[in-house]
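Asks: Any chance you could fold what I've pasted below:
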Amino acid sequence: MALVDVALNCVRRGWYVFPCVPRTKRPLGGLVPNGVLDASNDEVKVRKWWAAKPDANVAIACGPSGLSVVDCDHGNATEADARAWMERAGLPTTYTVHTGRRSNPKDGTPEYGVQLYYSEAMPSVGEFSLAGGTGQIKSHGGYVMAAGSIHPDSGESYELLMDGHLAPLPPVVRSLKTERKPVEDDGGPITENRNIRLTSIGGKLRNAELSAELLETTLLQINEERCVPPLSEEEVQRIAASVSRYAIPEPDVEVTIGGKSAAPKEPVDPWEKYHTLDELLSVPPGKFIVDGILYDNSITALAGYAGDRKSIVSLNLAASCVTGHPFMGKFAVANPPKRVIYLCPEMGLRELAKLSKNLGMLPYVGKTLFFRSLDKSGKIKLSDLTPVELDGSLVILDTAVRFIEGKENDPQDMAVFSDELFRLRNKGATVWVLFHSSKASVAQELSLQNAVRGSSEIAAMLSMCWATRLNEPAKRFDSTSRMYPLKVREFEALPFDFGCDRVTAACSIIGEPAPVAVLKDRKADERRAIIRELVQHDPDIGVNRIQAVLKERTGSGGNAKWVSTEKKLILRGTTGGSVLREE
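Replies: Below you'll find the predicted structure:
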């Protein structure tokens, strides 16, 4: 397989790739000057890279790709050894690559390196030891060579050992930490764990009271002379800067009390509580699931009063995500989720089945669409949802109150609910959660404060909040509706009106999204056109009759004074409209 096809196969899996110098692990500086930071899953860009350098090795940036790769270098001599080690270590079967390593560079003994890919990124682990195997965890800030690339030392290809879906990141891998073993520096070539070895050497040099400037110069020289292959100059400078953060240690003063020395305290790095530069730079760019409506891996709310079509809107959203049809005929499904999980303990199976059929969702049930209604026995808790279910899913909760363990107005109960929503998101899900708005605010304009019932804890944690409301509440089944963006973090959104088919429940946008004032003007213009039609047909028509026709056609008769003024303007030949407010 050509290396461009290797790269494109990775892109189609949703992974971010970049080219390396042929037969090496070094980023191809002419095409990706920032190395792993320039990784992309844009097919057009990837094709251009490999058109420029067809034999470039393919590297996968783990962090942006949502991967943690267990890279086991040592401990196995054969494929049988490697499979036995995976079982012994409790590592689930997943997409696995046999690396190009064939022998130990120190003594030439046979080695069978494997890389196990798991979904969900984590902090990289410099060196681990597990069940007799040793190696590294490549994730945030790290990268691996794709199957099909050529190993720089052996000249052998990385080969796909086990294909298939990625298994979720297992707890045994998540718990691994870098082993802080003392490394003896023999002054020879550094062929493995180059970052760790240079960091260790840098620490000793810093303890020897080297300045930051001299430390960087020395590490650059060591890298050039001893690392095989050398790290990039930028990487060495980053190591030097990291080591130089620490103050040159003062001589230890030992205090002896009662003839016994106090036990030494484990050194604590105060900076570990913060994100690293690698973690920040490895964050993939944001993307829409549905353009202008729903952001990937977000917690988005839809709020409204009872009967304001929250469930209908959400079922239309689910239908768009599984069928690929634009939401409300307007908003494109840019990045469909792997699956939709619709949890609706407020709706019966009969109604759910009817709506699913009308919206064209039945062919997807059990494949990319999973429902649970009030007719399913037992109560489901959010904690029951497993990583396998959550990864890449859109989870729709209809409604929030059915999943809150406690009271909506209790800050502690709502904090627990917020934490649970964050757990879903952190496991790779996008959450769309419905809220009943407070009945006390029916006469008010919807706002974030009155739309989302419960403590302020909920409003604070939402990425986005939409509200929906009937334009004519008195005509529940015939009224159009309006969607309002009440809270937006990562993109601009505007209100829009939509209609709902009484038979199928399919929703369709009316006009284009616009500020509320513009939407109100559109409604007024519609009524003005009706008044003009009536007055031109019968100049003597009464205001009461005009109001009756308006109510029949639009759901509202309008204010009598406004209707009277509009009639007079039309009779005078004025078309600009009344300066009075319609309602």
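Asks: Could you give the number of residues near Thr199?
Replies: Applying other C-beta atoms under 10 Å, we find 17 residues neighbouring Thr199. Just so you know, the C-beta spots here come from the backbone N, C-alpha and C atoms, and that holds for glycine as well.
Asks: With Pro337 instead?
Replies: By other C-beta under 10 Å, neighbour count at Pro337 equals 23.
Asks: residue closest to the middle of the chain?
Replies: Centroid-nearest residue in the chain: Asn297, 3.0 Å away (criterion: C-alpha atoms, centre = their mean).
Asks: Let me know how buried Ala514 is, in neighbour terms.
Replies: 15.
Asks: SS state for the nearest residue to it once chain neighbours are set aside?
Replies: Sequence neighbours aside, Leu494 is the residue nearest to Ala514 in space, at 5.8 Å (criterion: C-beta to C-beta, 6 or more residues apart in numbering). Classification of Leu494 using DSSP: H, G, I helix; E, B strand; the rest coil returns coil.
Asks: got a list of what Leu494 touches?
Replies: Pro485, Pro513, Ala514, Pro515 (C-beta atoms under 8 Å, 6 or more residues apart in numbering).
Asks: per-residue pLDDT, it?
Replies: Looking at Leu494, its pLDDT is 89.
Asks: distance of it from Asp55?
Replies: Distance from Leu494 to Asp55, counting by C-beta to C-beta, to the nearest Å: 49 Å.
Asks: Domain map for the protein?
Replies: By the record's domain assignment, the chain is partitioned as 3-174, 182-249, 288-514, 519-572 (automatic domain parsing).
Asks: closest one to Pro270 among the ones you listed?
Replies: domain 182-249 (10.3 Å; C-beta to C-beta).
Asks: Could you list the low-pLDDT ranges of the stretch 101-250 of the chain?
Replies: 106, 178-187, 208-209, 246-250 (pLDDT under 70).
Asks: in it, which spans are strands?
Replies: Under the criterion DSSP state E, counting those that start in this stretch, strands of the stretch 101-250 of the chain are mapped to 114-119, 125-130, 133-138, 143-145, 159-162, 167-168.
Asks: Adjacent strands (with direction) for the second one?
Replies: Taking DSSP bridges as the criterion, strand 125-130 sits next to strand 133-138 (antiparallel) in its sheet.
Asks: angle of the strand it pairs with against strand 114-119?
Replies: Strand 133-138 and strand 114-119 meet at an angle of 40 degrees, taking axes from the mean of the first three to the mean of the last three C-alpha atoms, to 10 degrees as the criterion.
Asks: CA atoms only for strand 133-138, dumped as CSV, please.
Replies: Extracted in CSV, the C-alpha atoms of strand 133-138 (Å, rounded to 0.1, in the frame of the first residue of the first chain):
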residue,chain,number,x,y,z
GLY,A,133,6.8,-5.7,29.5
THR,A,134,8.3,-2.2,29.4
GLY,A,135,7.8,0.8,27.1
GLN,A,136,6.0,4.1,26.9
ILE,A,137,2.4,5.4,26.7
LYS,A,138,2.2,7.7,23.7
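Asks: roughly how far is it from the heart of the chain?
Replies: Centroid displacement of strand 133-138 relative to its chain, using C-alpha atoms, centre = their mean, to the nearest Å, is 26 Å.
Asks: Can you list the neighbours in contact with it?
Replies: Contacts for strand 133-138 (C-beta under 8 Å, 6+ apart): 62, 67-76, 85, 89, 113, 115, 122, 124-128, 142, 144, 173, 176, 193.
Asks: Type out the ChimeraX command that picks the buried ones from the contacts of Leu494.
Replies: Of the contacts of Leu494, the buried ones can be selected in ChimeraX as follows, counting by 16 or more other C-beta atoms under 10 Å:
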select :485,513
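Asks: Can you tell me which of the contacts of Leu494 is nearest Trp432?
Replies: Pro485 (14.3 Å).
Asks: mind listing what whichever strand or helix holds that closest one pairs with, with the direction of each?
Replies: In this assignment (DSSP states H and E), Pro485 forms part of strand 481-488. Based on DSSP bridges, the pairing partners of strand 481-488 within the sheet are strand 464-470 (antiparallel), strand 496-500 (antiparallel).
Asks: Tell me the secondary structure at Leu91.
Replies: Leu91 is classified as coil under three-state DSSP.
Asks: right, and Leu205 touches Leu215 too?
Replies: Yes: counting by C-beta atoms under 8 Å, Leu205 touches Leu215, with 5.5 Å between them.
Asks: the strands in the stretch 351-500 of the chain, which residues?
Replies: 369-373, 393-397, 430-436, 464-470, 481-488, 496-500.
Asks: quick one on the thing from earlier: what's the spacing between the strand holding Pro485 and its chain's center?
Replies: 22 Å.
Asks: quick revisit: now the contacts of Leu494 as TSV including secondary structure?
Replies: Converted to TSV, the contacts of Leu494 look like this (three-state DSSP):
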residue	secondary structure
Pro485	strand
Pro513	coil
Ala514	coil
Pro515	coil
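Asks: farthest-separated two in the contacts of Leu494?
Replies: So, the contacts of Leu494 by C-beta to C-beta: farthest apart are Pro485 and Ala514, at 12.0 Å.
Asks: what touches both of these two?
Replies: Leu494, Pro495.
Asks: Quickly note the distance from Arg527 to Leu550.
Replies: For Arg527 relative to Leu550 (C-beta to C-beta), the value is 6 Å.
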